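> Below is the sequence, then the predicted model.
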Amino acid sequence: MSHANRLAGRGRIDRSKPIIIQFNGREVPAYHGDTAASALIANGILHVGRSFKYHRPRGVLAAGAEEPNALLDIDRGNGRRDPNNRATVVEAFDGLVTRSQNHWPSLKYDVGTLNDMASPLFSAGFYYKTFMWPSAAWKRVYEPVIRRAAGLGKAPTVPDPDRYVHSHAHCDVLISGAGPAGLAAALAASVDGSRRIIIADEQNEFGGTLLHDLTSTIDGLSASDWVAQTVATLSQRSNVRMLPRTTVVAYYNHNHIALNQRLTDHQSNPSKGMARERLWQVRAGEVIAATGAHERPLVFAGNDRPGMLLADSLRAFINRYGVTPGRNVVIATSGASAYQAAIDAKSAGLFVTIVDYRKRDEIGDERLLATQAGIEILDNHSVIGSTGRTQVTGLIVAPKTASGGVGDVRTLNCDAVGMSGGWTPVVHLVSQSRAKLVFDTALDAFIPGEAYQSERSAGACRGVYALDECLANGHEAGSGAGAAPSAKSSEATGFEPVRLMPTNRQKLRDKAFVDFQNDVTAKDINLAVQEGFQSIEHVKRYTTTGMATDQGKTSNINALGIVAGALELTPPDVGTTTFRPPYTPTTFGAFAGQARGVLFDPERITPMHDWAVKKGAKFEDVALWKRAWYFPQGRETMHDAVQRECRAVRESVGIFDATTLGKIEVVGPDAAEFLNRIYTNSWLKLKPGRCRYGLMLKEDGYIMDDGVVARVADDRFHITTTTGGAPRVLGHMEDYLQTEFTDLKLSLTSTTEQWAVIAVQGPNARDVVAPLVSDIDMSNDAFPHMSMREGKVCGVPCRLFRVSFTGEAGYEINVPSDYGEAVWEAVYAAGQPYDITPYGTETMHVLRAEKGFIIVGQETDGTVTPEDVGLSGLVSKVKADFVGKRSLARPDLVAEGRKQLVGLLTLDPDVLLDEGAQIVDDPQAALPMPMLGHVTSSYVSPNVARGGTGDPQQSGDGRSIAMAMIAGGHSRVGTRLYATTREGFTEVQVTKPVFFDPDGGRANV
Amino acid sequence: MTKFSAFNVARNAFSASKSWPKQWRNPEPRASYDAVIIGGGGHGLGTAYYLAKEHGLTKIAVVEKGWIGGGNTGRNTTIIRSNYLYDESAGIYEHSVKLWEKLSQELNYNVMYSPRGVLMLAHNVHDVQSSMRHVYADRLNGVDNEWLSPEECKAFCPPLNISNNIRYPVMGGALQRRGGVARHDAVAWGYARGADRLGVDIIQNCEVLRIDRDAAGTVSGIETTRGYIKTAKVGVVAAGHTSVVMERAGLRMPLESFPLQALVSEPIKPIFPCVVMSNTVHAYISQSDKGELVIGAGTDQYISYSQQGGLHIAAHTLEAICELFPQFRRMRMLRNWGGIVDTTYDRSPILSKTSIPGLYVNCGWGTGGFKATPGSAHVFAASMANDEMHPIAAPFSLNRFQSGRLIDEAAAAVAH
């Protein structure tokens, strides 16, 4: 049984390297150089899968990427399993494990076959017409059944252990396809060495159709020797990069092309760490598509049995792999090219009959060659059916009659069929590139028309089929340098388009397949037209033709032809569907590349990050940054840690990493005027060495960002922004500088990562920092709150800000990033006598909420004005203009009843509101319930007195506090409202949004 | 008109489906109509359907430049939900979900509305705050939306990776159980069939070249590639090309059109039971009844009418999918396409009268219009019929861009 269907003396397989692959647990002997498909055929395994809808037994149809039927689950071990692999492109290696799919309980006995028997029920679009009663049953009953029946293979269930990489390249000419046209183009384009060439082919070796051409000669060499010589020549040329096993999958704008290279799938033991696939992104000066053509099946009842292949694919199996599905072959064709398949089959020792749809006088010289080879030809015949179940046993044929019908039926016994309904140029790439496709009636195909980008097509993909012309065409596309290769070939071209083969059968269950994988029959397509679906896009969507994993490579033109026939239109009047990338299905991982885990998004960390890690900090993600969230000690909970940190800052001193705040250096004679236009408040009179809190709006009048700005010198400002807003603010400023304020002279530089920022906050802050500082008078009078001094700390040049986001006296020490960790450690050491406490972002949030300071993005949400959050004082009344000023005057922005910032205290101090909780006046109201606003911030504060409203003199034993945006909030202070809780509602007291030190005295000490 | 039913499917099984009639006619345009809808997507066809069904208009045409359902109706990822933040949004999307729940029966066309649950993930503290705000607002608006812990998310969507070994671990999610998916093409076809049955003319391959006004400034007719059509009421429902159509009436629209991409995997057996969305890492995924993983990507940064986006946009989405579902890394992308989405400043739609009497516009649905199809069509039809915006539609009028009364869902959900 082993290699029962192997042909002696043929093929490019290496018979000295026997291997064994597995199919459904069975050992299948093969050779190095086989594909999974050729290995299975070699061993007489023709029934390899079940179709999507009717679960019909299916075998290999094609020899290449267009295969719709033979889909296998491939298991490469250790979690490397994936479904829906086309057996025709899976290279066999020793130990390869393959399984058939889409059947239960087994490939041989599949209950899904019932669908085939009941198929009249399952006409095109039947599911739109039923399953509607009762309405809840769709989700509960019908859909689960349909879902289980659909789908093909089973998804992987464990994380993929493989790696994927990306490469980027530029070239002058990218050639897609290394068949005769592509190779000729590459030779011509590269010969003078002035242009960089990339030539890619999806197969494991270059050559395309030449790899199964045993009769043609090129420049006096056999086709395969010419390929070998050409590949050798190209590999000598340093300006040529050759990429086998590389599919040009997608063609984007600006000649940006994606190629997927398979690196390890053909290896039984890939070296560890080797990437599985590489996605190339190439910018090409010019693209040459030399992507060939796909053969079309003939459409007749029962055209889908295992053992029935496309004719040229059958020829490829015979010549390239030395295998055949059977010994008794019928070639059924409506064109000339299949004669070579018949002749090659005959020369391989097979019994061959040709059934030709064409009349005798329409058949060319190929007839003589076949006759000379001793092949019987039935011309002017139609194929009307087939016999067999898991392998074809006969082809039912009949002579055509003048009236368009058929005469007496006879059955040709056979165990292999090669069928050819003509050829379809592979125009996917140029279509993706938005070239116009034009229908060529003589070729019965769409071919590339006017190019949209810098690309051209050569060879069969533009309908040039004869080998000699193909080579010349490729040569010309490659700019024609050097002499064009010249071929001698007996292969003939040309075919007569035939849509649905004439037949005398009209049985309900007769199925003439157009789209094999999706089980779309000619009848389905006609039904769609009958029901009024006239655009090809409609027919495609209604019947699902062309939507299988092969994307209609073998079916689209047959479908289009049938629609055109039914509507009595020409194919171009029906239109063609748009070709969408990728050309063949492409692994998600190849697109995702190395972007997993920490490489998914860059992690930005501060110079003090490692210190925080060592101290056991927990981190939170803020934009790309990892920020220390809190510093638990021992087995402290987050709550306990934050309470401790909050107390420590108010009672003594805390240290906080504020590095992530965005920083922009604004330099130039017009720097102050620029800020004046960008921020709502005024900057002209700010003195060097002083700081000011700045508020900026978007054009729409809503708060965009905020932060402290220091004037370093007359012409220099140090701006800080929110952590997440830094890139947005810089972009906003550059936008205005470059497009609106072109009269201003200044520059903007992001300095976020240049400065490490160490915040030291609390009543003892000065005592900790002062001893470390030289050159700066640290007294309160000389260096008051909201000022900045340049000097040295620990001998390191610094910008020392006296600012506070906690309400305590404090500093923010800006030192060059490289010194950040050292200065941090020095400050921490200096703080030891004061029990200096590192605190994280959560404590920072609590402390600022106690003070009623807003966080842009938390209290604000892009719909909040300065007035809404009580900052109207920061909006200049005298400036002629600033960004957002005009919008601030819009009716709705000054309307009564806008949401305004307030404080909330729950009546029960132990109740902590959810951030996001909604506020209502009457919790008994019917739904939809009128809502007044929502809680923006909510914390347990240890510093606010339990019973009261935050008298700073009262030693707080802690209670919950909250901030909220509430309609007409300012006028509601003192009233009671309700906030939603997980269970229902809780009553709250509306207060001013300041819970601690309302006079702000503590910061000025 | 043959009723769609299991009985008739069975009956046709024995007659080789010979008796199924055209689902809609392919008529020549008449010289005049009472109302013309420009744009044969779901929103436009639905508008015509409700105009005919609920407002007694009999002479209605839908004119479509290409083939019906060929724009965003046939290109989207079919997600349906109503768990929006603001009352106005919750109003229109919830109105829509209620219509979705009965739409198959209403149209006698199985649109396969599958309320399998939409889970929107939170990956940072800000996401959690925003999700909770949505959950609470929805609760008071009578819209189902509940907060799930990471473990509950995993139980609801077993393929989800809730471990800490990803860049932005899942901190929980907001689940709307009534959310789900539907079959997009069937929505267009179902409305088309229903409208046709009520006498609406659906005219495909008919591009509008000009929208005319009479001396009083009121809409008087449209010039098309298939002849002149007189009408006093025009509803423009042209999605990504609304600006282009409105320019033919001499009006500029506050819209920007961008390519938005989506993609599907090869089909697989059922593995993904619900819809998962993550705005933070940009992943939107469900599984179609056919078995494909349906994945939404983002918009390009640049405005364009090319139905093709950049590779990096789709790649970024697949990065996110592979982070959240590392077992899908070996799955393969089958098909990747783009559509043109018309976006407004506040990312909420425009349903509005215009400065031209008789000219109405329904657009600006951006990246999320499919879910609104029935609700949008229903209230837009009422607004056109009564020449007064339906209360659910009224907040979405054009004048909000002057008054500043924006409905900024995006601003509320995006971290600042």
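Structure's in. What do you need?

> can we go C-alpha only for contacts and neighbour counts from here?
Fine.

> so how far is A:Arg360 from the closest residue to A:Val352 other than its chain neighbours?
Using CA to CA, 6 or more residues apart in numbering or on different chains and skipping residues adjacent in sequence, the residue nearest A:Val352 is A:Val329, 4.8 Å away. Separation of A:Val329 from A:Arg360 (CA to CA, to the nearest Å): 21 Å.

> Ok, A:Ser268 next?
With CA to CA as the criterion, A:Ser268 and A:Arg360 are 51 Å apart.

> do B:Leu209 as well
For B:Leu209 relative to A:Arg360 (CA to CA), the value is 53 Å.

> What of A:Asn253?
In terms of CA to CA, A:Asn253 sits 49 Å off from A:Arg360.

> More neighbours: which of B:Leu209 and A:Arg360?
Ranked by neighbour count (other CA atoms under 10 Å in any protein chain shown), B:Leu209 and A:Arg360 place B:Leu209 first, with 18 against 13.

> Do I have it right that that one meets B:Arg248?
Yes - under the contact definition of CA atoms under 8 Å, B:Leu209 touches B:Arg248, with a separation of 6.5 Å.

> can you list contacts of the longest helix belonging to chain B?
When chain B is parsed with DSSP state H, its longest helix is helix B:87-107. Helix B:87-107 is contacted from outside by A:132-133, A:135, B:80-84, B:109-113, B:138, B:141, B:143, B:179, B:190-191, B:194, B:348, B:371-376, B:392-393, B:395, B:407, using CA atoms under 8 Å, 6 or more residues apart in numbering or on different chains.

> List the residue ranges of chain A that fall below the pLDDT cut-off.
A:1, A:507-509, A:947-956 (pLDDT under 70).

> care to break it down by domain?
A:1-156, A:164-293+A:425-488, A:297-420, A:503-567, A:657-846, A:896-1005 (automatic domain parsing).

> So which residue is smack in the middle of the chain?
Picked chain A for this. In chain A, the centroid-proximal residue (CA atoms, centre = their mean) is A:Phe591; its distance is 6.0 Å.

> other chain: chain B
For chain B, B:Phe370 is the residue whose C-alpha lies nearest the centre (CA atoms, centre = their mean; 1.5 Å).

> isn't it right up against B:Ile80?
Yes - the criterion here is CA under 8 Å, and B:Phe370 meets it with B:Ile80 at 7.3 Å.

> Just list the residues touching the residue in the stretch 201-350 of chain A positioned nearest to chain B, thanks.
Relative to chain B, the nearest point of the stretch 201-350 of chain A is A:Tyr252 (6.7 Å; CA to the nearest CA). A:Tyr252 sits next to A:258, A:432-433, B:308-311 when contact means CA under 8 Å, 6+ apart.

> Just name the closest of the residues you listed to A:Arg898, please.
Nearest to A:Arg898 among those is B:Gly309, at 40.0 Å by CA to CA.

> Identify the farthest-apart pair in the contacts of A:Tyr252.
Across those, no pair lies farther apart than A:Ala258 and B:Gln308, at 14.1 Å, counting by CA to CA.

> Phi and psi next, for B:Ser355.
phi -70, psi -10 (degrees, to the nearest 10).

> Let me know the distance separating it from chain A.
Distance, B:Ser355 to chain A, by CA to the nearest CA, to the nearest Å: 20 Å.

> From what I see, A:Leu96 and A:Gln22 are in contact.
Yes - using CA under 8 Å, A:Leu96 makes contact with A:Gln22 at a distance of 6.1 Å.

> How many residues are close by the nearest residue to A:Glu821 once chain neighbours are set aside?
Excluding the flanking residues, the one nearest A:Glu821 by CA to CA, 6+ apart is A:Met608, at 5.0 Å. Residues contacting A:Met608 under the criterion other CA under 10 Å number 23.

> Spell out which parts of the stretch 201-350 of chain B neighbour chain A.
Contact residues, the stretch 201-350 of chain B versus chain A (CA under 8 Å from any CA of the partner chain): B:265-271, B:289-292, B:308-311, B:315-316, B:318-320, B:322-323, B:325-337.

> Show the buried residues in those residues.
Among these, those scoring as buried are B:265-271, B:289-292, B:308-311, B:315-316, B:318-320, B:322-323, B:325-337 (criterion: 16 or more other CA atoms under 10 Å in any protein chain shown).

> mind listing which of these are in helices?
Among these, the members falling in helices (DSSP H) are B:311, B:315-316, B:318-320, B:322-323.

> Next, work out how far apart the nearest residue to A:Lys436 once chain neighbours are set aside and chain B are.
Using CA to CA, 6+ apart and skipping residues adjacent in sequence, the residue nearest A:Lys436 is A:Gly449, 5.0 Å away. Distance from A:Gly449 to chain B, counting by CA to the nearest CA: 19 Å.

> And A:Ile966, by the same measure?
According to CA to the nearest CA, A:Ile966 stands 14 Å off from chain B.

> Please enumerate the helices of the stretch 1-150 of chain B.
Ranges of helices in the stretch 1-150 of chain B, per DSSP state H, counting those that start in this stretch, are B:6-13, B:42-54, B:87-107, B:125-140, B:150-156.

> Of these, flag the one that's most buried.
Ranked by mean neighbour count under mean count of other CA atoms under 10 Å in any protein chain shown, the helices of the stretch 1-150 of chain B are led by helix B:42-54, which reaches a mean of 28.

> Report the rounded mean pLDDT for it.
Per-residue pLDDT over helix B:42-54 has a mean of 98.

> Quickly check: that helix near chain A or not.
No - judged by CA under 8 Å from any CA, helix B:42-54 makes no contact with chain A; its nearest approach is 14.4 Å.

> how big is the angle separating that helix from helix B:87-107?
Between helix B:42-54 and helix B:87-107, the angle formed by their directions is 70 degrees, by axes from the mean of the first three to the mean of the last three CA atoms, to 10 degrees.

> which residues touch helix B:42-54?
By CA under 8 Å, 6+ apart, helix B:42-54 touches B:37-39, B:57-58, B:60-62, B:69, B:73, B:187-188, B:191-192, B:194-195, B:198-200, B:236-238, B:370, B:373-374, B:376-378, B:380-382, B:385.

> From these, which land in strands?
Among the contacts of helix B:42-54, the ones falling in strands (DSSP state E) are B:37-38, B:60-62, B:236.

> so where do the helices sit in the stretch 751-900 of chain A?
Under DSSP H, counting those that start in this stretch, the stretch 751-900 of chain A gives helices at A:765-769, A:820-830, A:841-851, A:885-888.

> Turn the ones you listed into TSV, columns for mean neighbour count.
Below are these laid out as TSV (neighbours: other CA atoms under 10 Å in any protein chain shown):
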stretch	mean neighbour count
helix A:765-769	21
helix A:820-830	19
helix A:841-851	23
helix A:885-888	18
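
> coming back round to it: contact partners for the residue nearest to the centre of chain B?
Here B:Phe370 is in contact with B:42, B:72-73, B:76, B:78-80, B:184 (criterion: CA under 8 Å, 6+ apart).
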